[in-house]
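>>> using only what follows, build the 3D model:
(2 chains)
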Amino acid sequence: MGEPEIPLAFLPVGHRARVVKVGVEGLTRNRLLDLGLVPSTVVEAVRRSPAGDPVAYNIRGAIIALRSEESRLITVCPLALGR
Amino acid sequence: MKSPVVGGRGVLAKRNPPGSDGVVALAGNPNTGKSTVFNGLTGLNQHTGNWPGKTVTLAKGNYRYQNKLVTLVDLPGTYSLLANSTDEQVARDFICFGKPDATVVVVDATCLERNLNLAFQVMEITPKVILCVNLIDEAKRKQIEVDYGKLAALLGVPVVPTAARDKVGLNTLKEAIHQMVFLHKQPQPRTVRYSQEIEAAVAKIQKELEPYLQGKIDARWVALRLLDGDTTIIAEIKKYLQAETTEMAETAEMANMAEMAEATESAGATEASELAPRAHETGGLEVVKCYK
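Numbering: from 1, shown residues only, chains lettered A, B, ... in the order given. Sure, this is the predicted structure:
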């Protein structure tokens, strides 16, 4: 089923999504790719900081916090909640 | 042997410490227990040194195995060698220009997939790579089992599992280093293949580069960096080759750079920026299958 694509920043905590596009540019883009955030990677929003930003994501086994500045430029396709 | 080089290339100047039979670099992501491996191998023999021209400190230490004195250089922990930061540049420059006799890439057994990005990047620079899969005790606790034989076959380099904290596997690692450095067992790492368009551009640039690099630096790797738009590498190579050859090299480099710029354009910038994800795909996906 074709789930809609959303910015990673909109992914609710506890939900998982597949990365479609890393729309970040420059060094930040390289850094994100190096951390394993590449297209087709499944990420999970694990925790939201008290202020709501940044959000911690599980990326390939590591917990990495991203600011909405970056995460809103990353396009993901949310996965149905695991059975 | 190379003579010490001018212009803050301290890494090169220290290439062959007196009395040492071989130089081995330790690379790895942060928090993979790299320094524990370093200390485990060298004992308490460690001291840190500040290399001229760099603010980043490289730890250096020795150990003796089979009557050979091996110098270990602990590189800064990085996720990448694409020179986004000083740490990455120091690590890259040492592996590329410091010409270690072997490079041990320490990876986290619990987070293998993510760590292999760096391993693939190192294998693009030099074939003399040993993969040290550390923290196998933690992996076991997390019920992760790694098929080391399959991993070695997929990567084409020796793989040594270790739990450096408990000194598990360190002798095997010393033996693997010994075989590579002194018995000259050179592995054939599996290099990442990119899309046809990129490979065509690489081939074109590589051919132009080879006469100038004279096998001193891997031409394919330099071609890839240029396609990536990495400008820092040009300056470093120039410095390196200038020290190695005559002024003619400089003129040649200039002419060369113009050609490279042309080839880069034809390859297309968007394609180049997609290099990294592809490395991940080729490496990551297949290696997942190594988990039993």
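>>> surely B:Ala223 is in contact with B:Ala200?
No - if you go by C-beta atoms under 8 Å, B:Ala223 and B:Ala200 don't touch, sitting 11.1 Å apart. Just so you know, the C-beta spots here come from the backbone N, C-alpha and C atoms, and that holds for glycine as well.
>>> the more surrounded of those two?
B:Ala223 (26 against 14; other C-beta atoms under 10 Å in any protein chain shown).
>>> quick one: name whatever helix or strand follows the host helix or strand of B:Glu138.
Element membership for B:Glu138 (DSSP states H and E) is helix B:136-141. Counting by DSSP H and E, the element after helix B:136-141 in chain order, helix or strand, is helix B:148-155.
>>> so, in contact with chain B or not, the lengthiest helix in chain A?
Of all segments of type helix in chain A, defined using DSSP state H, the longest is helix A:26-34. Yes - Helix A:26-34 lies within reach of chain B by C-beta under 8 Å from any C-beta of the partner chain, at A:Leu27, A:Arg29, A:Asn30, A:Arg31, A:Leu33, A:Asp34.
>>> name the SS class of B:Gln188, please.
coil (DSSP: H, G, I helix; E, B strand; the rest coil).
>>> then B:Tyr79?
Classification of B:Tyr79 using three-state DSSP returns coil.
>>> low-confidence stretches in chain A?
Regions of chain A meeting the criterion pLDDT under 70 cover residues A:1-3, A:82-83.
>>> repeat for chain B
Along chain B, segments meeting pLDDT under 70 span B:1-17, B:44-57, B:244-292.
>>> let me see the domain layout of it.
B:10-181, B:196-273 (automatic domain parsing).
>>> buried residues in the longest helix of chain A, which are they?
A:Arg29, A:Asn30, A:Arg31, A:Leu32, A:Leu33, A:Asp34 (16 or more other C-beta atoms under 10 Å in any protein chain shown).
>>> other SSEs contacting the next helix or strand after that helix?
Following helix A:26-34 in sequence order, the next helix or strand is strand A:42-48 (DSSP H and E). Applying 3 or more C-beta pairs under 8 Å, 6 or more residues apart in numbering or on different chains; DSSP states H and E, we find strand A:42-48 packed against strand A:16-22, strand A:55-59.
>>> one more time with 10 Å
Counting contacts by 3 or more C-beta pairs under 10 Å, 6 or more residues apart in numbering or on different chains; DSSP states H and E, strand A:42-48 is packed against strand A:16-22, strand A:55-59, strand A:62-66, strand A:74-78.
>>> now those strands in TSV, with mean neighbour count?
Shown next, in TSV, are those (neighbours: other C-beta atoms under 10 Å in any protein chain shown):
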stretch	mean neighbour count
strand A:16-22	18
strand A:55-59	20
strand A:62-66	17
strand A:74-78	20
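>>> can you name the residues bridging to the closest residue in space to A:Val76 that isn't next to it in sequence?
Leaving aside its chain neighbours, A:Val76 sits nearest to A:Ala17 (3.7 Å; criterion: C-beta to C-beta, 6 or more residues apart in numbering or on different chains). Beta-bridge pairing for A:Ala17 (DSSP bridges): A:Val43, A:Pro78.
>>> how near is A:Ala17 to B:Ile144?
24 Å (C-beta to C-beta, to the nearest Å).
>>> next: B:Glu199.
34 Å.
>>> more neighbours: which of those two?
Just comparing B:Glu199 and B:Ile144: by other C-beta under 10 Å the higher neighbour count belongs to B:Ile144, 17 against 14.
>>> for burial, what's the neighbour tally of the nearest residue to that one once chain neighbours are set aside?
Spatial nearest neighbour of B:Ile144, excluding adjacent residues (C-beta to C-beta, 6+ apart): B:Thr110 at 5.9 Å. Using other C-beta under 10 Å, B:Thr110 is surrounded by 21 other residues.
>>> show me the contacts for B:Thr110.
Applying C-beta atoms under 10 Å, 6 or more residues apart in numbering or on different chains to B:Thr110 gives the contacts A:61-62, B:32, B:134-142, B:144, B:146.
>>> so which of those is the most crowded?
B:Asn134 (30 neighbours).
>>> doesn't B:Lys34 make contact with it?
Yes - counting by C-beta atoms under 10 Å, B:Lys34 is a contact partner of B:Asn134 at 7.7 Å.
>>> mind listing the shared neighbours of these two?
Common contacts of B:Asn134 and B:Lys34, defined by C-beta under 10 Å, 6+ apart, comprise B:Gly28, B:Val106, B:Val107, B:Asp108, B:Ala164.
>>> now the first one. Its backbone dihedrals?
Here is the backbone geometry of B:Gly28 (degrees, to the nearest 10): phi 170, psi 160.
>>> what's the helix or strand for the closest residue to it other than its chain neighbours?
Of all residues beyond its chain neighbours, the one nearest B:Gly28 is B:Val106 (3.5 Å), with distances taken as C-beta to C-beta, 6+ apart. Using DSSP H and E, B:Val106 sits in strand B:102-108.
>>> partner strands of that strand, parallel or antiparallel?
strand B:22-28 (parallel), strand B:129-134 (parallel).
>>> secondary structure class for B:Thr71?
Per three-state DSSP, B:Thr71 ends up strand.
>>> what is the burial count for it?
B:Thr71: 22 neighbours (other C-beta under 10 Å).
>>> distance check, it against chain A.
Per C-beta to the nearest C-beta, to the nearest Å, B:Thr71 is found 28 Å from chain A.
>>> identify the bridge partners of that residue.
B:Val23, B:Asn62.
>>> and it, how far is that from B:Thr78?
From B:Thr71 to B:Thr78 the distance is 21 Å (C-beta to C-beta).
>>> equivalent analysis for A:Glu5, please.
With the distance defined as C-beta to C-beta, A:Glu5 ends up 32 Å from B:Thr78.
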